[in-house]
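Participant: let's see this in three dimensions:
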Amino acid sequence: MKVSRRKFLVNSSLTAAGTFLFSNNIFAQSTAAPVVSGIQLYSVRDEMGKDPLASLKQLAAMGYKNVEHANYVDRKFYGYSAVEFKKILDGLGLKMPSGHTVMNANHWDKAANDFTDAWKQTVEDAATVGQKYVISPWLDEGLRKNYDDLLGFLDVFNKCGELCKKSGLKFGYHNHNFEFKYSLNNQSIYDIILQKTDPELVLQQMDIGNMYGAGGRALDLLKKYPGRFESMHVKDEIKSSNKGEMDDAYESTILGKGILPVKEIVGLARKLGGTTEFIIEQESYQNKTPMECAQADLAIMKKWGF
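Facilitator: Alright, predicted model coming up:
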């Protein structure tokens, strides 16, 4: 049974919980940085679930240099402590600049005006394993319905940026499709997130595929918010015969095989978006294996100069 990224994140979250501004200085530094293509390990989730070490070895042999985790449970990455996982990555010549861990309302103690120990440990372990970015890929459904509640939690986003900064990290947010599907006060939720988070403290990781079925267009956003997207999930999309990964009519496919202008998007992101982290993610495989797709996707990115 195919488990969508959306359902995976909701389940993970429940388990774990029980006007435009940008810095010219950051933009200049970002565009000057070298660009390396990485892979979101959710792309090979079944393989990572069965044998993380063998899977990482296979990805490294393909030529991947960066990975992004989607599994941090009970202070462990794919069953390994932060110190152990860092040792594995180092031994394979891999780096993990970013990782996905859902931050929800239960990670903020309103009475204490502080983050819970569980979230502080998340940041601590991210620093230990070598991350630069701690990225939350979800927003609780209740926060999408009330403007003031959303603004309150975006303030927590900024506070999390301050917390991460103390450990030499940066907090980030990763979109799905609801940010474009729903609006509050005549603005899309994504516009509100972009406008109410401090770019010095909260990076945006744009997923160019998730948004497509809900009307989000990466090229338009890169032009509207230049310099705001330090990280990007690189995907292509095709029409799906079933409900797609976002419960719409689309599913991801090998780069260059779908309907998104992916090459144009990544080119503009490098030029205008301030993007230095290009992370391949493919969740559907059209009768190929996930590893075959991972290899094909990397080859395409290299062909495009990434």
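Participant: spatially central residue for the protein, please.
Facilitator: For the chain, the residue nearest the mean C-alpha position is H174 (4.5 Å; Cα atoms, centre = their mean).
Participant: wait, what's in contact with that residue?
Facilitator: H174 makes contacts with 100, 135-137, 205, 207, 233, as judged by Cβ atoms under 8 Å, 6 or more residues apart in numbering. The way it works is simple: take the backbone N, C-alpha and C, and place the C-beta from them, glycine included.
Participant: run the last query once more with 6 Å
Facilitator: If you count contacts by Cβ atoms under 6 Å, 6 or more residues apart in numbering, H174 has them with 135, 137, 205.
Participant: wait, a helix at the first one?
Facilitator: No: under DSSP: H, G, I helix; E, B strand; the rest coil, I135 falls outside any helix and is assigned strand.
Participant: now for it, how many residues are close by?
Facilitator: For I135, the count of nearby residues is 25 (other Cβ atoms under 10 Å).
Participant: identify the spatial nearest neighbour of it, chain neighbours not counted.
Facilitator: G172 (4.0 Å; Cβ to Cβ, 6 or more residues apart in numbering).
Participant: dihedrals phi and psi, that neighbour?
Facilitator: Per-residue torsions, G172: phi -140, psi 160 (degrees, to the nearest 10).
Participant: hang on, it packs against Q131?
Facilitator: No: using Cβ atoms under 6 Å, G172 is not in contact with Q131, being 10.3 Å away.
Participant: residue boundaries of the helices in the stretch 51-200 of the chain?
Facilitator: 52-62, 82-91, 117-129, 147-166, 178-181, 189-196 (DSSP state H, counting those that start in this stretch).
Participant: follow-up on the earlier one: and the closest residue to the residue nearest to the centre of the chain other than its chain neighbours, how far is that from Q282?
Facilitator: The shortest distance from H174 to any non-neighbouring residue, by Cβ to Cβ, 6+ apart, is to P137 (3.8 Å). Counting by Cβ to Cβ, to the nearest Å, the gap from P137 to Q282 is 16 Å.
Participant: likewise for A269?
Facilitator: 18 Å.
Participant: which one's more surrounded, those two?
Facilitator: Q282 (28 against 25).
Participant: so what's that one up against?
Facilitator: For Q282, the contact set (Cβ under 6 Å, 6+ apart) comprises 43, 252, 293.
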